[in-house]
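In: I need the structure of the sequence given here:
(chains A, B and C)
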Amino acid sequence: MSWTDERIDTLRKMWEGGSTASQIAEELTGVSRNAVIGKAHRLGLQSRPSPVKPNEPGAAKPAAAAPTAAAEPVAPKAAAAPAPAPAPVVAAAPVPKPIERVAAPTPAPAATVEVDEDEDDDDASDTPVVAAPAAPAAPIMRSVGPGGFLRQAPGEQQAPITPAPPRRLVPAKPSPEMADKTSLLDLNDKVCKWPLGHPGEPDFHFCGDKVNPGFPYCVAHCGHAYQAQLPRRDRRPPPPLPFGGARAR
DNA sequence: CCCTGATTCGC
DNA sequence: GCGAATCAGG
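Out: From the prediction side, this is the model:
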């Protein structure tokens, strides 16, 4: 195979698009990875994030680099490659975030008179409930752990009776919307442990469906968790550039 | 070992 | 100009 204009064009675009020499060589049938690299350099398409770092600092490391007549004005290799970011997709392992400040769910506007419209079951009905002039709604700052647990704020700590850790995790499902969700403590071998949301977020919880027997997840999430991985060589850059017209083969 | 890109050098 | 061989790092 020779380097036709079209093939050179494809090479150039893929190279600049971040494809590896192997991928390019595979795309351009009939050439080796070395051929691609060699051609790329001859075309002047040098310098891309290479795993091999050229020793340049003045610490002197001539070594095996140029055994022949060196003294070449080595062009300063400026790396300016965008490098397509491989989307991490599922990430979200149940790893607690460091610390996140959130305002604690203050117990609703305190001093309000509850005008109940229709309390059919209430025993002490006729008594209009007057909320106590509760605490001056001090904005308590708490950190939130996984599963919606609230950590005690320093001021809330009980007297350290025993040499206990300064803070304890307090299971808290204060909000109704958290009540029926699977928190960390609800996990067992029978419920799906697929995380929903992100650790640290107030509504972070787990799937909780019945597991696919033998797996930590339900059937649906097993589908997400266990996917056949193609060999590198057979992978295509996700949404790559439409190189000079994608050639179908 | 696998991968990567860089470089050399005979053709 | 070409590319296999080799090198060097991850």
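
In: for stretch A:188-206, C-alpha coordinates in PDB please.
Out: C-alpha atoms of stretch A:188-206 as PDB (Å, rounded to 0.1, in the frame of the first residue of the first chain):
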ATOM      1  CA  ASN A 188     -28.300  -6.500  52.600                       C
ATOM      2  CA  ASP A 189     -27.600  -9.400  50.400                       C
ATOM      3  CA  LYS A 190     -31.100  -9.300  48.900                       C
ATOM      4  CA  VAL A 191     -31.400  -5.800  47.700                       C
ATOM      5  CA  CYS A 192     -29.700  -4.100  44.800                       C
ATOM      6  CA  LYS A 193     -26.800  -2.000  45.900                       C
ATOM      7  CA  TRP A 194     -26.700   0.100  42.800                       C
ATOM      8  CA  PRO A 195     -26.100   3.700  43.900                       C
ATOM      9  CA  LEU A 196     -28.500   6.400  42.800                       C
ATOM     10  CA  GLY A 197     -27.300   9.900  42.900                       C
ATOM     11  CA  HIS A 198     -24.000  10.700  44.400                       C
ATOM     12  CA  PRO A 199     -22.600  10.300  47.900                       C
ATOM     13  CA  GLY A 200     -22.900  13.400  49.900                       C
ATOM     14  CA  GLU A 201     -26.100  14.500  48.200                       C
ATOM     15  CA  PRO A 202     -29.000  14.600  50.500                       C
ATOM     16  CA  ASP A 203     -31.000  12.100  48.400                       C
ATOM     17  CA  PHE A 204     -28.300   9.700  47.700                       C
ATOM     18  CA  HIS A 205     -29.600   6.200  48.100                       C
ATOM     19  CA  PHE A 206     -29.500   2.800  46.600                       C
END
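
In: and it, average pLDDT?
Out: Taken as a whole, stretch A:188-206 has a mean pLDDT of 74.

In: swap in stretch A:36-49?
Out: Summarised as a single mean, pLDDT over stretch A:36-49 is 84.

In: ok, now stretch A:4-12?
Out: For stretch A:4-12, the mean pLDDT works out to 89.

In: now that stretch: buried residues?
Out: Residues A:7-8, A:10-12 are the ones in stretch A:4-12 that count as buried (16 or more other Cβ atoms under 10 Å). C-beta: built from backbone N, CA, C; applies to glycine.

In: ok, residue A:217 to residue A:204 distance?
Out: Separation of residue A:217 from residue A:204 (Cβ to Cβ, to the nearest Å) stands at 17 Å.
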